[in-house]
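Enquirer: Sequence below, structure please.
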Amino acid sequence: MVYVITCGDEGVQINEGTRLGVIGSGLQLEGFHEVVKILKKLFGKDLRIVSNQENDWLKAKLDLVSWEQVNASAQQQVEALADREKLLYSGYLPFSDPKQLEHEVRGHMVRPAGIHIANKIGFTLAGGEQTYNLGKFVVSAEWVADAPIELVKSIINQQVEFYQKLVPDTKLIYTFETEGELGEEKAAKNKAVLEKLGYKE
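Expert: Residues are numbered from 1 along each chain as shown. Predicted coordinates for the structure are as follows:
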């Protein structure tokens, strides 16, 4: 199974590989290094990572003005992040037909350019995104039962708050995806941590 760390943007679609959604592909996300360590223990050391067009998190973090700047920066920045974290950089997801990337990953951006249409946040609990849904921001939570609660709170809250700001007129609801190779018991442990932090279906 090929696992891919990608932005949780609802427009990111991975056609080959299984998506682990982390906002901005983890770029400038405080605590990301610790999350990567846990994900490697869970899914193996050859995790992939990809960048994507219209990365809102990157635009905000680097204080960029245009999408052209963002799109140019995303590839360079995420590739450098891959080197630091010893992840396999697979490439860049554009608004186009599905694109074959390196390291057995294929995907593209499918939401309308310039518009966010998600109405929910989907937490994956046992093995990444199993079913693609254009109405859902994706947040990987496979790791939360293995991490200190303060780290979990920080990482999850940063993502949820940012996604909510992207769709200010929509109150995002939370869903849980419990399928995956880690199994039901692991999913239940991860779900319990999220519920303790107030994230409930």
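Enquirer: Could you pull up the contacting residues of Ala145?
Expert: The contact partners of Ala145, taken as Cβ atoms under 8 Å, 6 or more residues apart in numbering, are Lys186, Lys189, Asn190, Ala192, Val193. In short, each C-beta sits where N, CA and C put it, glycine included.
Enquirer: same thing but at 7 Å, please
Expert: Lys189, Asn190, Val193 (Cβ atoms under 7 Å, 6 or more residues apart in numbering).
Enquirer: Could you check the pLDDT of it?
Expert: On the pLDDT scale, Ala145 is placed at 98.
Enquirer: Please apply the same query to the one 5 residues further on.
Expert: As predicted, Glu150 sits at a pLDDT of 97.
Enquirer: re earlier: give the PyMOL command for selecting the buried subset of the contacts of Ala145.
Expert: Entered in PyMOL, the line below selects the buried ones among those, by 16 or more other Cβ atoms under 10 Å:
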select buried, resi 190+193
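Enquirer: In the chain, what residue spans correspond to strands?
Expert: 3-6, 12-16, 18-21, 48-52, 88-93, 99-100, 106-109, 120-124, 136-140, 173-177 (DSSP state E).
Enquirer: closest one to Ile155 among these?
Expert: strand 136-140 (9.0 Å; Cβ to Cβ).
Enquirer: I'd like to know which elements the closest one is packed against.
Expert: Contacts defined by 3 or more Cβ pairs under 7 Å, 6 or more residues apart in numbering; DSSP states H and E place strand 136-140 against strand 18-21, strand 120-124, helix 149-166.
Enquirer: Where does pLDDT dip in this protein?
Expert: Within the chain, no stretch has pLDDT under 70.
Enquirer: center of this protein - which residue?
Expert: Gly21 (1.8 Å; Cα atoms, centre = their mean).
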